[in-house]
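Peer 1: give the three-dimensional model of this entry:
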Amino acid sequence: MRFAFICRDRGSKRGSVAIVGAGPAGLAAAGYLSCQGYDVDVYDKLPYAGGLMMFAIPGYRIFPDNVVEGVEDLRDRLSVKFMFRVKVFARNQERHDEGDDYVERTIALEELLERYNAILIATGTWRSRRLGIEGENAINVATALEYLYMWRLYEEGLSPREPPRGRRVVIIGAGLSAIDAAEKALEDGAEVYLTYRRTIAEAPAGEYPIISLIRRGIRWIELVQPRRIVSVGGFARGVEFVRVRLGELDESGRPRPIAIEGSEFTIETDLVIAAVGEIPTPPIYSGELVKYIGSDGRPSIGGDYRVPGTNIFAVGDVATGPSKIGLAVDHTLKAIRVIDGVISGEKVRVDDMVKRLKRVEKPMLKFAAWRDDIAEELCRYLGRFAEVKIESCLALPPFARIFSYAKCIGCETCNAVCSFIHDSKSFIKVRKTEDGLVIPTSCLHCVNARCIAVCKKNAITRGELGEVLIDYRKCNKCMDCLNECPIRAMRISRGDIVNCDLCQPLRRGGLEPACIAMCPSRAISLTLR
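Peer 2: As a prediction, the model looks like this:
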């Protein structure tokens, strides 16, 4: 991941910023600020950068090397400094959160305020919600965050202690953390029960990943609510549930579960995983600034993303609550331009940052080899889930850009960075199916492009990579190309027909297209035909 996907060199010196938290939000902020010329120091309590992206999401979803390469790029190319195993607290307010196991020293928030022009809080959500039932403190009860974190430490060789294991695992919850925990337990050979108090239609993770797990053998039990954890000698031996029916909508807009008395039953287990959500963990727990922390853990910030009366700003999940990687990056990229303007007193334009790039003769681009099965995999996926005609799609290969849906984790990072580059006009359309599947689509830059064939004015041309471009001097806005594109990649914006140009200004400056540079699962690539 190229967190500084928009620049190759640092800008002129502006000041200094401390970023607290090296997850996706903190790293995206570091990329932007260092590019603008700030001296950036990043503090994180973990042994290395990545946050939950590295320490909670399974490695087969996000390649650890992909994140490590991005961190090294920030350090080596843009002189970002990283201080690991350091936890930041407001003075005299220390508290233990999940993920604190490797903290070697602490530093006061107030001390950072004295040393830097500004502090950016990007600490994410490192505190799990509690079940609030009898027995949840049993030895073999873990939160999903704790379970996944301990597995990653073990797999990375950072801990010799084996993570929690069970022959029969009961998971309570149906969000993304529950899905990740269920996959990991299944991979470990356990019999897995995934339980939820509403139906699969209301599951926060969406139906698609749950149905996929059911096909792999997990037991899905809906409309049940845990009453207590049955423990013997401090160990959980079962979870007592009560069946529920759905009532009126609650404050979250979802139907409220209502217990059906007399319907209690117990599932025997030797490992319980509670996956009922996480809470933001800003480094402020008491004292003068705590009045700016809401009951949900989020800091109260205004339109300038600033904690009132301070030079402390907040971005990502710590400000919004738990979300996907792409949504955290999106929030950060929207916020960081505002924050830059507040600190520097200057209006920041993305176009100016792009124009600063010096043109290179041979852009450093990575290409994957074309395979005959690429088109079939991509087109069949789009044909099934994105309302495109598979026959039309299959008639067009080969393509220049490939979305590998087998690797895509639906994080929406590609959409976030595309929107940032193009001033809030993303050329990537994110399709969300009814069952919760996220499908990014955009111009595939077909070799046999029908948009070129149908254009009577010869306004659609080829770029240096063979990409599809629009010559606005010739375009008469007839819209034939919009109607002919099998995946509806072209669209109207402010009266013009627009299309992805594979970040041509970035490529001319020696950088990759933003969507490819920032995809955490390497699901987007360029191919040689």
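Peer 1: where does the chain dip in pLDDT?
Peer 2: Applying pLDDT under 70 to the chain flags the ranges 529.
Peer 1: geometric centre of it: which residue is closest?
Peer 2: Closest residue to the average C-alpha location of the chain: residue 325 at 1.0 Å, with Cα atoms, centre = their mean.
Peer 1: give me every residue that touches it.
Peer 2: Taking Cβ atoms under 8 Å, 6 or more residues apart in numbering as the criterion, residue 325 is in contact with 24, 53, 411, 412, 413, 520. (Glycine included, C-beta is placed from N, CA and C.)
Peer 1: so which of these wins on neighbours?
Peer 2: residue 24 (35 neighbours; other Cβ atoms under 10 Å).
Peer 1: wait, that one touches residue 51, no?
Peer 2: Yes - under the criterion of Cβ atoms under 8 Å, residue 24 makes contact with residue 51 at 6.6 Å.
Peer 1: on that earlier part again, can you tell me the closest non-neighbouring residue to the residue nearest to the centre of the chain?
Peer 2: Distance criterion Cβ to Cβ, 6 or more residues apart in numbering; nearest residue to residue 325, sequence neighbours excluded, is residue 411 at 4.2 Å.
Peer 1: look at the one you found and give its secondary structure.
Peer 2: coil (DSSP: H, G, I helix; E, B strand; the rest coil).
Peer 1: give me the distance between residue 171 and residue 239.
Peer 2: 10 Å (Cβ to Cβ, to the nearest Å).
Peer 1: anything in contact with each of the two?
Peer 2: Contacts common to residue 171 and residue 239, judged by Cβ under 8 Å, 6+ apart, are 195, 272.
Peer 1: please state the offset of the strand of greatest length in the chain from the chain centre?
Peer 2: In the chain, assigned by DSSP state E, the strand with the most residues is strand 235-249. Centroid separation between strand 235-249 and its chain, computed with Cα atoms, centre = their mean, to the nearest Å, is 31 Å.
Peer 1: make 409 the first number, not 1, from now on.
Peer 2: OK, 409 is where the count begins now, so the last one is strand 643-657.
Peer 1: can you give me the buried ones in it?
Peer 2: 644, 645, 646, 647, 648, 649, 650, 651, 652 (16 or more other Cβ atoms under 10 Å).
Peer 1: what of stretch 927-937?
Peer 2: 927, 928, 929, 930, 931, 932, 933, 934, 935.
Peer 1: between those residues, which is nearest residue 564?
Peer 2: Taking Cβ to Cβ as the measure, residue 928 is the one of these closest to residue 564, at 17.0 Å.
Peer 1: gap between the closest one and residue 917?
Peer 2: For residue 928, the distance to residue 917 - Cβ to Cβ - is 23 Å.
Peer 1: once you drop chain neighbours, what's closest to residue 632?
Peer 2: Distance criterion Cβ to Cβ, 6+ apart; nearest residue to residue 632, sequence neighbours excluded, is residue 649 at 4.3 Å.
Peer 1: ok, that neighbour - contacts?
Peer 2: Residue 649 touches 603, 629, 632, 633, 634, 635, 672, 673, 674, 675, counting by Cβ under 8 Å, 6+ apart.
Peer 1: okay, and the beta partners of it?
Peer 2: residue 634, residue 673 (DSSP bridges).
Peer 1: ok, residue 900 next?
Peer 2: With DSSP bridges as the rule, residue 900 is bridged to residue 905.
Peer 1: for it, what are its contacts?
Peer 2: Contacts of residue 900 (Cβ under 8 Å, 6+ apart): 887, 890, 906.
Peer 1: now swap in residue 528 and tell me
Peer 2: Residue 528 neighbours (Cβ under 8 Å, 6+ apart): 425, 426, 427, 428, 434, 437, 441, 721, 722, 723, 747.
Peer 1: quick one, phi/psi of the third one?
Peer 2: Here the main-chain torsion angles of residue 427 (degrees, to the nearest 10) amount to phi -110, psi 120.
Peer 1: doesn't residue 526 make contact with it?
Peer 2: No - contact criterion Cβ under 8 Å: residue 427 and residue 526 do not qualify, at 9.6 Å.
Peer 1: looking at the two, which is more packed in?
Peer 2: Between residue 427 and residue 526, residue 427 has the larger neighbour count (other Cβ under 10 Å), namely 30 against 22.
Peer 1: look up phi and psi at the nearest residue to residue 470 once chain neighbours are set aside.
Peer 2: Nearest-residue entry for residue 470: residue 928, 4.7 Å, with adjacent residues in sequence omitted and distances by Cβ to Cβ, 6+ apart. Note on residue 928: its backbone torsions stand at phi -70, psi -20 [degrees, to the nearest 10].
Peer 1: ok so, going back, farthest pair in the buried residues of strand 643-657?
Peer 2: 645 and 652 (23.1 Å).
Peer 1: look up which helix or strand the nearest residue to residue 503 once chain neighbours are set aside falls in, please.
Peer 2: Residue nearest to residue 503 in three dimensions, not counting chain neighbours: residue 693, with 5.3 Å by Cβ to Cβ, 6+ apart. For residue 693, there is no helix or strand it lies in under DSSP states H and E.
Peer 1: so who does residue 693 touch?
Peer 2: Residue 693 touches 497, 498, 501, 503, 701, counting by Cβ under 8 Å, 6+ apart.
Peer 1: separation between the second one and residue 453?
Peer 2: I take that to be residue 498. Distance from residue 498 to residue 453, by Cβ to Cβ: 15 Å.
Peer 1: neighbour count winner among those two?
Peer 2: The neighbour count for residue 498 versus residue 453, taken as other Cβ under 10 Å, is higher for residue 453 (27 against 19).
Peer 1: doesn't residue 497 make contact with that one?
Peer 2: No - the pair residue 453 / residue 497 is not scored as a contact, 10.3 Å apart, by Cβ under 8 Å.
Peer 1: follow-up on the earlier one: turn the buried ones among the contacts of residue 649 into a named PyMOL selection, would you?
Peer 2: Selection of buried members from these for PyMOL, criterion 16+ other Cβ under 10 Å:
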select buried, resi 603+632+633+634+635+675
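Peer 1: tell me how far the longest helix anywhere in the chain lies from the chain's centre.
Peer 2: The residue-count maximum for a helix in the chain (DSSP state H) belongs to helix 733-752. In terms of Cα atoms, centre = their mean, the centre of helix 733-752 is found 15 Å from the chain centre.
Peer 1: buried set for that helix?
Peer 2: Buried residues in helix 733-752, counted by 16+ other Cβ under 10 Å: 733-741, 743-748, 751.
Peer 1: after it comes which helix or strand?
Peer 2: helix 758-763.
Peer 1: pull out the buried positions in that following helix.
Peer 2: In helix 758-763, counting by 16+ other Cβ under 10 Å, buried: 758, 761, 762.
Peer 1: okay if I get these as a markdown table plus distance to residue 609?
Peer 2: Putting the buried residues of helix 758-763 into a markdown table (distance: Cβ to Cβ, whole Å) gives the following:
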| residue | distance to residue 609 |
| --- | --- |
| 758 | 39 |
| 761 | 43 |
| 762 | 43 |
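Peer 1: nearest to residue 659 among those?
Peer 2: residue 758 (37.8 Å).
Peer 1: from residue 831, how far out is the closest one?
Peer 2: Relative to residue 831, and taking Cβ to Cβ, residue 758 is found at 6 Å.
Peer 1: kindly report the same for residue 597.
Peer 2: In terms of Cβ to Cβ, residue 597 sits 50 Å off from residue 831.
Peer 1: likewise residue 621?
Peer 2: From residue 621 to residue 831 the distance is 40 Å (Cβ to Cβ).
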